[in-house]
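Colleague: using only what follows, build the 3D model:
(one chain, ligands or ions: 2)
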Amino acid sequence: MFVVLLLVSSTIMFMFALIFTIESIREKEPRSPMFGAAGIAFSVILIISIIFIPVLRIPVAVFFGLGGIFVLVVLIPGKPYARAMKGAMGHVIGNAKRFDERDVVFARLRLANEGSADQKECYKHYYKEMHPEREEADVIRREKGMLGKNGGGAIDNSYPPNISMLHSAFDIPDLLGPHTTAEPQPDEKPMKMDSAKSTEIAKNYAKHIGADLVGICKVNPLWIYSHRGEIHFDNWDDWGKELTDFPPYALVMCTEMNWEHVSSAPHTPAVAESANNYAKGAYLSISMARWFAHMGYQGVAQNTRRYDAILSPLAVDAGLGEVGRNGYLIAPKFGTRVRVFATLTDMPLIPDKPISIGADEFCRKCKKCAESCPSKSIPLDDKVVHNGVKKWKLNEESCFEYWSKVGTDCSVCMAICPFARPDTFSHRIVRRLMARSPVARALFPYMDNVLYGKKWRPRKVSSWLDWSNGSKTKKESY
Ligand code: SF4
Ligand code: SF4
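Modeller: Numbering: from 1, shown residues only. Ligands and ions are numbered 1, 2, ... in the order given. Predicted structure coming up:
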């Protein structure tokens, strides 16, 4: 019986090591397959020792005993993080004010001193009356271009196939962009339905048409921009308009970004995948807006061509995850590897509850994104209180400048995040443990460094996506 128990334990260990190795190889990880292979070899040695060297059975039993204690300790559940359970308001500790979209770095860079008289007037208002101290630096950033010159992708010599993927995908929100608001016909009465039923239909329909995660929240006015600042369709008369009237509910959706594309960050496959998801988000948010309108309610799509709201706190309130040190939403299944979209509506819906997945606590120790960020835009220090919200405050300007330099949206901080790894057997176990166990959250950041390395190295991609037959990635480290 004793020997059988030892053999079963060794076989379980062997199976785990085998699965981990296969998954690591599939993910093209540079280090972890070696650890997996070492685990396989070690378990085979244990099995042979148990069968043929009886004297080693006691030490092997002690080894498994200690391993069992470790597993039990890691399985002890802790309390969910109280701030996370309160949603985005859990992080508001001061007198928070609504954020002005005119201050968003993208909005500022679209505000060139050119074009229509309206645009020039807006420029004058912002840089002469509101923020004269920002003009000089913004002029330089604007000259460098949002993704650099030549259409972007400087890091890969603007490799045409990938850069064309980026632009063709962004054509979709541009085409759909003017149709973000959907209103019912004047003679159309709102369809009366039990809100549990309409919630069930809305969420499932959003998933059916392509959303990977869906949640619902009541719209907290604090997360609505105070004034409009991003102008995409020459509608400069909208610039600076106060946003006062907005629907009370948000259907928040996430799309999963493909791991292989993201793992090439900061190269062009990553930005092509971001664009691909913005295209999906435009389709999803506008389709849902129109569905609400056909049901007799208002629908206002939130995607890259129109944001009334800041979407990360809405996603947190809708129970889709927590916000990490790198400022991205960390969702349970996909981690940072998601893009967030929403549709605001007045259809009565039942909100979801915020969740705690252990991300906040994990981020305090992890810091991988901050250490690998090429522009040092992510703080290594503790959170600060910014506008009444306790958060890790990113330097959006320096991040943006790096985007101009490489001609992509970088995404290194998304790719390196341990939560971003594919939703496979081994990563799923780790995510579940991180969500429930304080010991796992304390230990796993260090284990992650050992298994996957501390610094980011872009992974090799499939040949159809490769900009340089993979040769360049070998030398890179962030
Ligand atoms: S996108 Fe790149 S430059 Fe920007 S914060 Fe993330 S790692 Fe840093
Ligand atoms: S890389 Fe680490 S610190 Fe950064 S967001 Fe992910 S878990 Fe948090």
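Colleague: can we go C-alpha only for contacts and neighbour counts from here?
Modeller: Noted.
Colleague: for the residue in the stretch 151-300 of the chain positioned nearest to ligand 1, which non-adjacent residue is spatially closest?
Modeller: Nearest to ligand 1 in the stretch 151-300 of the chain, going by C-alpha to the nearest ligand atom, is residue 266, at a distance of 7.3 Å. In space, and not counting its chain neighbours, residue 266 is closest to residue 410: 4.1 Å by C-alpha to C-alpha, 6 or more residues apart in numbering.
Colleague: contact partners for that neighbour?
Modeller: 265-267, 270-271, 402-403 (C-alpha atoms under 8 Å, 6 or more residues apart in numbering).
Colleague: residue 305 too?
Modeller: Here residue 305 is in contact with 173-174, 177, 232 (criterion: C-alpha under 8 Å, 6+ apart).
Colleague: just flag the most distant two among the contacts of residue 410.
Modeller: 270 and 402 (14.7 Å; C-alpha to C-alpha).
Colleague: who's more crowded, those two?
Modeller: Legend: neighbour count by other C-alpha atoms under 10 Å for residue 270 and residue 402, higher for residue 270 (28 against 21).
Colleague: chain center to stretch 433-444, what's the gap?
Modeller: Relative to the centre of its chain, stretch 433-444 is centred 20 Å away, using C-alpha atoms, centre = their mean, to the nearest Å.
Colleague: neighbouring contacts of that stretch?
Modeller: 73-80, 356-359, 361-362, 365.
Colleague: ok, of those residues, which one's closest to residue 104?
Modeller: Distances from residue 104 to those, taken by C-alpha to C-alpha, are shortest for residue 359, at 25.7 Å.
Colleague: just the pLDDT for the closest one.
Modeller: pLDDT, residue 359: 96.
Colleague: same question for residue 249.
Modeller: 98.
Colleague: pretty sure it is touching residue 318, no?
Modeller: No - between residue 249 and residue 318 there is no contact under C-alpha atoms under 8 Å: 10.1 Å.
Colleague: so what's in contact with those two at the same time?
Modeller: Joint contacts of residue 249 and residue 318 (C-alpha under 8 Å, 6+ apart) are 216-217.
Colleague: between these two, which one's more packed in?
Modeller: residue 318 (26 against 23).
Colleague: identify the residues contacting the more buried one.
Modeller: Contacts of residue 318 (C-alpha under 8 Å, 6+ apart): 215-217, 251-252, 351-354.
Colleague: ligand 2: which of those residues is nearest?
Modeller: residue 354 (18.3 Å).
Colleague: ok, the nearest residue to the closest one once chain neighbours are set aside to residue 159 distance?
Modeller: Nearest non-adjacent residue to residue 354, counting by C-alpha to C-alpha, 6+ apart: residue 319, 3.9 Å away. Distance, residue 319 to residue 159, by C-alpha to C-alpha, to the nearest Å: 39 Å.
Colleague: of these two, who's got more company?
Modeller: A side-by-side neighbour count of residue 319 and residue 159, using other C-alpha under 10 Å, places residue 319 first with 26 against 16.
Colleague: ok, the residue in the stretch 1-150 of the chain that ligand 1 sits nearest to to residue 402 distance?
Modeller: Sorted by distance to ligand 1 under C-alpha to the nearest ligand atom, the residues of the stretch 1-150 of the chain start with residue 147, at 12.1 Å. Taking C-alpha to C-alpha as the criterion, residue 147 is separated from residue 402 by 9 Å.
Colleague: check residue 31 too.
Modeller: 27 Å.
Colleague: what distance separates the start and the end of stretch 101-112?
Modeller: So stretch 101-112: terminal residues 16 Å apart, C-alpha to C-alpha.
Colleague: going forward, the N-terminal residue is numbered 46.
Modeller: Taking 46 as the first residue, the last one we looked at is stretch 146-157.
Colleague: what mean pLDDT does that stretch have?
Modeller: 95.
Colleague: list the buried residues in that stretch.
Modeller: Neighbour counts over stretch 146-157 (16 or more other C-alpha atoms under 10 Å) mark 146-148, 150-157 as buried.
Colleague: near ligand 2, which residues of the protein are found?
Modeller: 369-371, 407-408, 411-414, 461-463 (C-alpha under 6 Å from any ligand atom).
Colleague: in this structure, which residue is most central in space?
Modeller: The residue lying closest to the centre of the chain (C-alpha atoms, centre = their mean) is residue 381, at 3.0 Å.
Colleague: now it. Nearest residue, chain neighbours left out?
Modeller: Counting by C-alpha to C-alpha, 6+ apart, the residue nearest residue 381 is residue 375, at 4.6 Å.
Colleague: so that neighbour, which state does it fall into?
Modeller: Secondary structure for residue 375, judged by DSSP: H, G, I helix; E, B strand; the rest coil, is strand.
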